[in-house]
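Asker: this one's sequence-less:
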């Protein structure tokens, strides 16, 4: 059974940093593409970043490129999202997802999702 548990969210000032973690279980990390999606108030769910299961190729939505970094540690079954230079518009609930493959993730499609972690960027 696929299980995804996010952590690391919180309140941070503009310009600050946070690192989100996604502890996975029930599957090997090299089996699925993994993504971070987010849902801001009044907005639709948005794909933020994806990492390919085999070669670690990554993809980012333009609004976070250069500020966010996705990575994974297969030995710990954990996926990370390092978020730097945070802006108020990054405020959202962030979800860790699995996708059948990298292309599906980049297209905003997923199969399983965690419960989410709240990120609030405010002074």
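Answerer: Received, thanks. Predicted model only: the values in this text are computed from it and were never measured. Residues are numbered from 1 along each chain as shown.
Asker: and the residue lying closest to residue 40 once chain neighbours are set aside, how far from residue 113?
Answerer: Leaving aside its chain neighbours, residue 40 sits nearest to residue 92 (4.1 Å; criterion: C-beta to C-beta, 6 or more residues apart in numbering). Just so you know, the C-beta spots here come from the backbone N, C-alpha and C atoms, and that holds for glycine as well. For residue 92, the distance to residue 113 equals 14 Å [C-beta to C-beta, to the nearest Å].
Asker: okay, these two: which has more neighbours?
Answerer: Counting neighbours by other C-beta atoms under 10 Å for residue 92 and for residue 113 shows that residue 92 has the greater number, 22 against 16.
Asker: ok, now which ones touch the more buried one?
Answerer: Each residue near residue 92 by C-beta atoms under 8 Å, 6 or more residues apart in numbering is listed here: 38, 39, 40, 41, 43, 46, 118, 119.
Asker: where along this protein do the helices fall?
Answerer: Along the chain, counting by DSSP state H, helices occupy 102-106.
Asker: residue boundaries of the strands in it?
Answerer: 3-7, 10-12, 18-25, 33-39, 46-51, 58-60, 68-73, 78-83, 92-99, 112-113, 117-121 (DSSP state E).
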